[in-house]
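1. after the sequence you'll find the predicted model.
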Amino acid sequence: MWIFPLAAAGIALVFAALLGKRFMSRRRPSQLLWAAAMLMYSAAAAAVFLGVLDGWSVAEYRVYWLFGAVLNVPYLAAGEAHLLVRNRVALRIVDVLLAVATVVALALVFSADISQSLLAGHLPAGKTVWAGQPSMRALASAYSYIAYLYLVAGTIWSAVKVRRQPAMRDRFLGTLGIAIGATIVAAGAAFAVKGLAQGFSLTLSVGIAVMFWGSLRAGRPVKTNKA
């Protein structure tokens, strides 16, 4: 059972390293933010691995919830913003909002009460662990839904740009891949609700693979027609 989340953690870690390497050579903020998102997926999957291996600890569940349910999609969305938006003021606002959202999430998740008795099973459901604290589930929903809507909006905007500028095709396909990958991971929540760690891990692996492909495709230089 534990091999599935361990594999997912390893895959996400490799993708994070590759994106980090690209950032070091090209210095594109989008690649750094996507690398951070991949690291979050890896940390969440590693927490599931440890929880399945020898039983969940409170610290492991906090890491799983913070990086697997709250912060990862906002970092994907911020990366897309840096890819598509050219207004520096708007990007600074995005960076500030992301920093504030990160600090708030860290403070709330690590200060919330978790009962060890509720951490039973291979993958404890959030609705059970946070039964007495609906604000924690609301936090995950608000962060993920708003960021996911931006991912979809960015994909639509890219599609419109492609109709006018065929050279933007790679960015459209890349943002589409990231949105589809995030959707696959979100769909894996159905396995998490039922406590099926293997199904969640397999879905996570497929989703991050699609997102990684999307990040590489979106990061290709825009081809310009030379006279």
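-> Cool, got the structure.

2. what sits up against stretch 120-127?
-> By CB atoms under 8 Å, 6 or more residues apart in numbering, the residues outside stretch 120-127 that reach it are 1, 48, 51-52, 56, 61, 65, 69, 118, 136-137, 140, 191-197, 200. For every residue, glycine as well, the C-beta is placed using N, CA and C.

3. next: stretch 167-179.
-> By CB under 8 Å, 6+ apart, stretch 167-179 touches 34, 76, 79-80, 83-84, 148, 151-152, 154-155, 158-159, 161-162, 210-211, 213-220, 222-225.

4. rerun that using 7 Å as the cut-off
-> 76, 80, 83, 151-152, 154-155, 158-159, 161-162, 210-211, 213-215, 217-220, 222-224 (CB atoms under 7 Å, 6 or more residues apart in numbering).

5. restricted to buried residues, select those residues in PyMOL.
-> Restricted to buried positions by 16 or more other CB atoms under 10 Å, the PyMOL selection for the contacts of stretch 167-179 reads:
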select buried, resi 76+80+83+151+154+155+158+161+162+210+211+213+214+215+217+218+219
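
6. restricted to helices, list the contacts of stretch 167-179.
-> Within those, residues falling in helices by DSSP state H are 76, 80, 83, 151-152, 154-155, 158-159, 161-162, 210-211, 213-215, 217-218.

7. lowest average confidence, helix or strand, in the protein?
-> helix 189-193 (a mean of 79; mean pLDDT, DSSP states H and E).

8. which parts of it are buried?
-> Here helix 189-193 shows Ala189, Phe191, Ala192 as buried, counting by 16+ other CB under 10 Å.

9. can you check stretch 108-127 too?
-> Neighbour-count burial for stretch 108-127 flags Val109, Ala112, Ile114, Leu118, Leu119, Gly121, His122, Leu123, Pro124, Gly126 (criterion: 16+ other CB under 10 Å).

10. skipping adjacent residues, who's closest to the spatially most central residue of the chain in space?
-> Nearest to the mean C-alpha position of the chain, by CA atoms, centre = their mean, lies Asn72 at 3.1 Å. Once flanking residues are discounted, Asn72 sits nearest to Met40: 4.4 Å by CB to CB, 6 or more residues apart in numbering.

11. the helix or strand harbouring that neighbour packs against which elements?
-> For Met40, the host element (DSSP states H and E) is helix 29-54. In terms of contacts (3 or more CB pairs under 7 Å, 6 or more residues apart in numbering; DSSP states H and E), helix 29-54 is packed against helix 3-26, helix 58-65, helix 72-84, helix 197-218.

12. looking at the ones you listed, which is buried most?
-> The highest average neighbour count among these, using mean count of other CB atoms under 10 Å, belongs to helix 72-84 at a mean of 25.

13. next secondary structure after that helix?
-> Counting by DSSP H and E, the next helix or strand C-terminal to helix 72-84 is helix 88-111.

14. before we move on, the earlier item: could I get the buried residues of helix 189-193 as CSV with distance to Thr175?
-> Formatted as CSV, the buried residues of helix 189-193 follow (distance: CB to CB, whole Å):
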residue, distance to Thr175
Ala189, 22
Phe191, 26
Ala192, 26
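
15. number of residues surrounding Met168?
-> The tally of other residues near Met168 (other CB atoms under 10 Å) stands at 19.

16. relative to Trp157, how far out is it?
-> Counting by CB to CB, to the nearest Å, the gap from Met168 to Trp157 is 10 Å.

17. residues contacting the residue lying closest to Gln31 once chain neighbours are set aside?
-> Ranked by CB to CB, 6+ apart and with sequence neighbours excluded, the top spatial neighbour of Gln31 is Phe23, at 4.2 Å. Neighbour list for Phe23: Gln31, Leu32, Ala35 [criterion: CB under 7 Å, 6+ apart].
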